[in-house]
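[1] Return a 3D structure for these sequence lines:
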Amino acid sequence: PSSAMSAALARSPNAVSVSPEEPAIADEGVRVPKAFISVTNADKGQAVILARRLNKLGFDLVATHGTTIRLREVGLECEDVFKVNEGRPNIADLIRQGDIALIINTPLGKASRYDEQAIRKAALQFNTPCVTTITGAEALVEAIATKKSEKSIKVRSLQEIHEKISHRDHREHRA
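    Next up, the predicted model:
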């Protein structure tokens with residue numbers, strides 16, 4: 001999943017640069033990546049933690065009204081955006097314009113189905129990473145943070161990892 005997400009981020013029109021040499025705060029004239037967050041009430045507590053982390057990683061925050069209120073209550077700056085059925089410009093418009101680098105959207109029930117479909121469709125059309133669970137969002141944010149903090153990441157197969165562990169365990173048992 002993390003390699004697929006990295007590939008999606010690289011293809012995104014508003015691609016997220018995760019080079020550790022780049023400053024988190026953009027220079028004048030450089031677009032700062034924006035993370036869109038819209039979560040159910042049950043997920044708002046965890047969304048605050050994720051939003052703080054994304055903000056520290058250099059993302060500006062964009063959210064629907066209810067999520068914006070919660071993020072502002074805890075002192076985070078956040079741009080308020082319409083849901084798809086509330087007016088324009090809405091979140092689907094921002095995705096289509098390439099203004100959104102990643103999406104965290106945990107919809108709930110029939111009322112959010114229209115928004116959910118429009119957001120996913122725009123995300124798919126414009127190669128914008130979209131996660132629909134808090135667990136997935138946590139993994140995405142952790143992957144971005146790890147990528148920013150490391151100079152290089154070595155990709156290994158499960159077989160290579162297993163072999164390394166087996167050799168280590170074998171040496172420990174002989175000692």
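[2] Okay, now the unreliable bits of this protein?
    1-30, 111, 151-153, 169-175 (pLDDT under 70).
[3] now the strands for it?
    34-39, 60-63, 79-80, 102-106, 130-131 (DSSP state E).
[4] how about JSON lines for those strands, with distance to D115 and mean neighbour count added?
    Just so you know, the C-beta spots here come from the backbone N, C-alpha and C atoms, and that holds for glycine as well. Listed next are those as JSON lines, based on distance: least, Cβ to Cβ, whole Å; neighbours: other Cβ atoms under 10 Å:
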{"stretch": "strand 34-39", "distance to D115": "8", "mean neighbour count": "26"}
{"stretch": "strand 60-63", "distance to D115": "13", "mean neighbour count": "22"}
{"stretch": "strand 79-80", "distance to D115": "15", "mean neighbour count": "14"}
{"stretch": "strand 102-106", "distance to D115": "8", "mean neighbour count": "25"}
{"stretch": "strand 130-131", "distance to D115": "12", "mean neighbour count": "20"}
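[5] Distance to K154 added to these, as a markdown table?
    Shown next, in a markdown table, are those (distance: least, Cβ to Cβ, whole Å):
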| stretch | distance to K154 |
| --- | --- |
| strand 34-39 | 27 |
| strand 60-63 | 31 |
| strand 79-80 | 37 |
| strand 102-106 | 24 |
| strand 130-131 | 25 |
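[6] Any idea which of those strands gets closest to E150?
    Closest approach to E150 among the strands of the chain is made by strand 102-106 (19.2 Å; Cβ to Cβ).
[7] which residues touch that closest one?
    Residues outside strand 102-106 that contact it (Cβ atoms under 8 Å, 6 or more residues apart in numbering): 9, 12, 16, 33, 35-40, 43, 47, 50, 59, 95, 116, 119, 123, 128-134, 137, 140.
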